[in-house]
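Novice: got a sequence here, can you model it:
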Amino acid sequence: MMMVLGLYVFMLRTVPYQELQYQRSWRHATNSRVNRRPSTQFLGPDNDSLTLSGVLLPEVTGGRLSLLALELMAEQGKAWPLIEGSGTIYGMFVIESLNQTKTEFFESGMPRRIEFTLTLKRVDESLSDMFGSLSDQLSNLQDSATSAIGNIKNTVGGLLQ
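Specialist: Next comes the predicted model:
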């Protein structure tokens, strides 16, 4: 496993990327002054972006269906946790764009080579916000599971009477 975006796993059989570019930036506001350089004020971090690029050879690696899964995730518009195979947690990311260039075609029109670029944008405030959100989700999941178990007990109990 190279990386996970939500439940989508990047690996050799799906979408193995050959390049990962991570960009962090910070905001500085400027204010013009007469006969002096503009003054600046640090405003804090800007949006992080992460770009994955690579080449798919559908005979060996993932292909059209693997990229289709990413398109479906993007169309949902949700933020997904991004975790590297080494354990590095990048945060919550949305899919901003997916570019594909298909070349070297079979007689059927299916490409033998697909070059792709996937651009992600970080949308969480901090990792602590993300973990807070995850703990809320786990709490809701636990409540749902407890409720479902109660419903099953009631149903089974009603059948046995």
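
Novice: could you find the closest non-adjacent residue to Ser39?
Specialist: Asn31 (4.9 Å; CB to CB, 6 or more residues apart in numbering). C-beta coordinates here come from the backbone N, C-alpha and C atoms, glycine included.

Novice: cool, Arg33 as well?
Specialist: Ser39 (6.0 Å).

Novice: ok, residues contacting the one helix or strand that neighbour maps to?
Specialist: In this structure, Ser39 sits in strand 36-45 according to DSSP states H and E. Strand 36-45 is contacted from outside by 24-33, using CB atoms under 8 Å, 6 or more residues apart in numbering.

Novice: what count of nearby residues applies to Asn31?
Specialist: 8 (other CB atoms under 10 Å).

Novice: enumerate every residue touching it.
Specialist: When contacts are counted by CB under 8 Å, 6+ apart, Asn31 touches 38-41.

Novice: what helix or strand does it sit in?
Specialist: Asn31 belongs to strand 26-33, assigned by DSSP H and E.

Novice: quick one, that strand and strand 36-45 angle?
Specialist: Taking axes from the mean of the first three to the mean of the last three CA atoms, to 10 degrees, one finds strand 26-33 and strand 36-45 inclined to each other by 150 degrees.

Novice: partner strands of strand 26-33, with direction?
Specialist: Paired neighbours of strand 26-33 in the sheet (DSSP bridges): strand 36-45 (antiparallel).

Novice: centre of the chain to whichever helix or strand comes after the strand it pairs with, how far?
Specialist: On the C-terminal side of strand 36-45, the closest following helix or strand by DSSP H and E is strand 49-56. Distance, stretch centre to chain centre, for strand 49-56: 12 Å (CA atoms, centre = their mean, to the nearest Å).

Novice: and what of stretch 114-127?
Specialist: Per CA atoms, centre = their mean, the centroid offset for stretch 114-127 relative to its chain is 6 Å.

Novice: just to revisit the earlier point, from Ser25, how far off is the residue nearest to Arg33?
Specialist: 20 Å (CB to CB, to the nearest Å).

Novice: distance of Ser25 relative to Leu65?
Specialist: 35 Å.

Novice: and Pro111, what's its pLDDT?
Specialist: If you check Pro111, the pLDDT there is 91.

Novice: so what's the residue nearest to it when sequence neighbours are not counted up against?
Specialist: Nearest residue to Pro111, sequence neighbours excluded (CB to CB, 6+ apart): Lys102, at 3.7 Å. Contact analysis of Lys102 by CB under 8 Å, 6+ apart lists 111, 113-114.
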